[in-house]
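Engineer: predicted model and sequence below, questions to follow.
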Amino acid sequence: MPAQQTTPAAVVHDAGWRFPRHPRSPGRARSALLGQAAVWRLPDGPTETAVLLLSELVTNSCRHARVPPGRYIGVRCRVVGGRLRVEVSDADAALPERRRADPDDESGRGLELLDVLAEAWGAYRRACGIGKTVWFEVGGCGLPSQRA
């Protein structure tokens, strides 16, 4: 039987990490994604966008998730068909809510950043019944041979 051919668009890279709900976790998540992006040879532009958005989502989970002690934040990153999808999961079932940040506010713009910088994003309650996942996708992450 001949070997099954895989099209470049079907190639999948997949990685995941768990972080404690701690003020250092956004920085650790950024470092993890930067390191993985280097291994996967992702271009700088989409990687920088993904790192910024990941930092926002992990920060939100650390600051706002109402969960029992000892719960972790899960991060999963996948590249499929030239798009990087990043998912951040926590044990709080409350979906993110938009708020209007005043010009002088130092926070409250995470969902606005997702709207502007991500090609797509959303949130859903996890099928296991515990918590939610907030995700986003950025394009331009094809294999080096696919990029112009």
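Structural biologist: Happy to help now that I have it.

Engineer: okay but residue 26 is in contact with residue 63, surely?
Structural biologist: No. If you go by C-beta atoms under 8 Å, residue 26 and residue 63 don't touch, sitting 9.6 Å apart. C-beta here means a position set from N, CA and C on the backbone, and glycine is covered the same way.

Engineer: next, count neighbours for residue 142.
Structural biologist: Neighbour count of residue 142, defined by other C-beta atoms under 10 Å: 19.

Engineer: sorry, back to before: neighbour count for residue 26 and residue 63, which is higher?
Structural biologist: Set residue 26 next to residue 63 and count neighbours by other C-beta under 10 Å: residue 26 wins out with 21 against 11.

Engineer: which helices and strands does the one helix or strand the more buried one maps to pack with?
Structural biologist: Element membership of residue 26, judged by DSSP states H and E, is helix 25-40. Judged by 3 or more C-beta pairs under 8 Å, 6 or more residues apart in numbering; DSSP states H and E, the packing partners of helix 25-40 are strand 12-20, helix 44-64, strand 72-80.

Engineer: list of residues touching the second one?
Structural biologist: Yep, that's helix 44-64 we're talking about. By C-beta atoms under 8 Å, 6 or more residues apart in numbering, the list of residues contacting helix 44-64 from outside reads 19, 21-23, 25-27, 29-30, 33-34, 37, 73, 75, 77, 84, 86, 88, 90, 92, 96, 110, 113-114, 117-118, 134, 136, 138-141.

Engineer: next one: the first one
Structural biologist: Under the criterion C-beta under 8 Å, 6+ apart, residues 25, 28-29, 32, 36, 40, 58, 72-80 lie in contact with strand 12-20.
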